[in-house]
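Engineer: model the structure of this input:
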Amino acid sequence: MPRPNRRRKPTHQTPRSPKRRHRQARVRPRPRPGSPSPIPLPVLREATEVIGCSFLQSYGLTESTGGFTLLGPADHVPDEKFAHRLRSAGRPMVGARVRVADPVTLTDRPVGERGEVLVAGSRIMKGYWRKPGQTAQVMLPGG
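Structural biologist: Alright, predicted model coming up:
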């Protein structure tokens, strides 16, 4: 039985030229996604200095097919006067509506108070597959 040629590269890989490698090394680091929990200011400051890139965070859920709010690189400024932005989940993405409501009455809560996060928009699911009872429990009338 013939021995396989171990030096042969897989056909789906193409060799990179030194010029291309050099070009890639000079590319400025892109924003890196972070966790949806707040990044403490000292951690953001150190990470920005050490890694040399900006960050972005998003908040979402399976029922909204992913991200719904975004805290972009411009909001991740490692300065005390912008620290309040880092404690938020970001701004609603295009086509998304978000509000914080009382879990019982569904009336809007004042800014800074706890409540149920209600989301609406084109990204929201139509329902759970073949589970109308569970869908009725989580979807408000009118979507």
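
Engineer: every contact and neighbour count from this point should use C-alpha atoms.
Structural biologist: Noted.

Engineer: quick one: the helices in this protein?
Structural biologist: Ranges of helices within the chain are 18-25, 41-51, 83-86, 132-138, based on DSSP state H.

Engineer: pick out the shakiest of these, pLDDT-wise.
Structural biologist: Comparing mean pLDDT across the helices of the chain, the weakest is helix 18-25, with a mean of 42.

Engineer: which non-adjacent residue is nearest the residue nearest the centre of the chain?
Structural biologist: The chain has Ser58 as the residue nearest its centroid, 2.7 Å off, counting by Cα atoms, centre = their mean. Computed as Cα to Cα, 6 or more residues apart in numbering, the closest residue to Ser58 that is not its neighbour in sequence is Leu70, at 4.4 Å.

Engineer: rewinding a little: looking at the helices of the chain, which is buried most?
Structural biologist: helix 83-86 (a mean of 16; mean count of other Cα atoms under 10 Å).

Engineer: off-centre distance for that helix?
Structural biologist: The chain centre lies 16 Å from the centre of helix 83-86; the measure is Cα atoms, centre = their mean, to the nearest Å.

Engineer: who does it touch, helix- and strand-wise?
Structural biologist: Applying 3 or more Cα pairs under 8 Å, 6 or more residues apart in numbering; DSSP states H and E, one finds that helix 83-86 contacts no other helix or strand.

Engineer: repeat the analysis, applying 10 Å as the threshold.
Structural biologist: Contacts defined by 3 or more Cα pairs under 10 Å, 6 or more residues apart in numbering; DSSP states H and E place helix 83-86 against helix 41-51.

Engineer: can you tell which of the helices of the chain is closest to Leu106?
Structural biologist: Smallest distance to Leu106 across these (Cα to Cα): 12.9 Å, for helix 132-138.

Engineer: could you export that closest one as PDB, CA atoms only?
Structural biologist: Output of helix 132-138 as PDB, limited to C-alpha atoms (Å, rounded to 0.1, in the frame of the first residue of the first chain):
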ATOM      1  CA  PRO A 132     -48.600  28.000  20.700                       C
ATOM      2  CA  GLY A 133     -49.100  27.900  24.500                       C
ATOM      3  CA  GLN A 134     -45.500  29.000  25.200                       C
ATOM      4  CA  THR A 135     -45.700  31.600  22.500                       C
ATOM      5  CA  ALA A 136     -48.800  33.100  24.100                       C
ATOM      6  CA  GLN A 137     -47.000  33.300  27.400                       C
ATOM      7  CA  VAL A 138     -44.200  35.500  26.100                       C
END
